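# Give me a 3D structure for the following:
(one chain, ligands or ions: 1)
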Amino acid sequence: MYKAVAFNCSPRRNGNTNLLLGKVNETLEKEGIVTETVHVGGRPVSGCRACMWCAENQVRRCVNDGDFVNAAIEKMIEADIILIGAPVYFGSLNTEAKALIDRAGYVARKNKNMFRRKVGAPVIALRRAGALPAADAIYHFFLLSEMVMTGASYWNMGFGREPGEAAGDAEGISNMVSLGENLAWLAKKLKPRG
Ligand SMILES: Cc1cc2nc3c(=O)[nH]c(=O)nc-3n(C[C@H](O)[C@H](O)[C@H](O)COP(=O)(O)O)c2cc1C
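Numbers count the residues shown, from 1 in each chain. Purely as a prediction, here's the structure:
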């Protein structure tokens with residue numbers, strides 16, 4: 001069994017990020033992959049304290065147990081495919097997404113790069129501009145985690161302002177389908193299971 005976990009970092013639970021992630025998940029499920037969406041947007045979260053507790057203790061957790069990040073790290077450890085869905089705020093990824101990648105990424109690096117060779121993809125929702133800086137920040141988290149990535153038929157992003165509007169971005173939606181197909185293909189190639 002292959003597992004995918006999708007983090008919706010938008011505070012709008014049923015917004016465009018969730019809609020786009022849903023399209024990727026629907027495709028993954030058609031490919032036999034079990035999916036889960038974890039809504040972390042809008043929940044209080046702190047940044048990395050740079051305390052090095054994760055490096056010193058080697059328990060695959062962050063010292064800060066007061067928010068969603070440790071639970072998210074556990075979901076990432078279990079998954080074969082990690083999707084980080086983020087809305088663009090002021091030309092880049094929003095706060096919850098940044099806190100998640102900073103802390104999960106640092107814990108992973110200090111714990112034998114525990115996400116090594118998992119498959120990852122960003123999914124970005126936006127109204128007009130800033131998708132690439134947001135996607136790039138997430139790609140950098142995957143790259144420094146020694147994870148493996150694939151593209152889609154075009155950019156992993158969908159346009160919309162009000163919740164649901166991204167459904168009208170036909171090209172964005174078809175990119176999500178091709179992203180799901182490529183992620184499933186890659187995960188199965190990397191870890192063939194009898
Ligand atoms: C604080 C804030 C800042 C935003 N900044 C941008 C921006 O710089 N570029 C852009 O294209 N959209 C921007 N948007 C619009 C959102 O990215 C857009 O509405 C997106 O669809 C939200 O995804 P969601 O429905 O999953 O929350 C901003 C929205 C908010 C609330």
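
# Phe142: which element?
Assigned by DSSP states H and E, Phe142 falls within helix 131-144.

# With Gly120 instead?
Assigned by DSSP H and E, Gly120 falls in strand 119-126.

# Kindly report the residues of this protein close to the ligand.
On the criterion CB under 6 Å from any ligand atom, the ligand has as its neighbours in the chain the residues 10, 12, 15-17, 87-91, 125-130, 160-161, 163. C-beta here means a position set from N, CA and C on the backbone, and glycine is covered the same way.

# Sitting in strands, which of these do you find?
Using DSSP state E, the subset of the residues of the chain next to the ligand located in strands is 87-89, 125-126.

# closest point of this structure to the ligand, which residue?
Gly15 (2.3 Å; CB to the nearest ligand atom).

# pLDDT value on that residue, please?
Gly15 is assigned 98 on the pLDDT scale.

# cool, Asn94 as well?
So Asn94 comes in at 98 (pLDDT).

# give me every residue that touches it.
Residues near Asn94 by CB atoms under 8 Å, 6 or more residues apart in numbering: 9-10, 41, 86-88.

# Swap in 6 Å and give it another go.
9, 86-87 (CB atoms under 6 Å, 6 or more residues apart in numbering).

# What of Phe142?
Per CB under 6 Å, 6+ apart, neighbours of Phe142: 120, 149.

# For the ones in strands among the residues of the chain next to the ligand, pick the one with the most neighbours.
Counting neighbours by other CB atoms under 10 Å, the top entry in those is Ala125, with 32 neighbours.

# so it makes contact with Pro87?
Yes. Between Ala125 and Pro87 there is a contact at 4.8 Å, judged by CB atoms under 6 Å.
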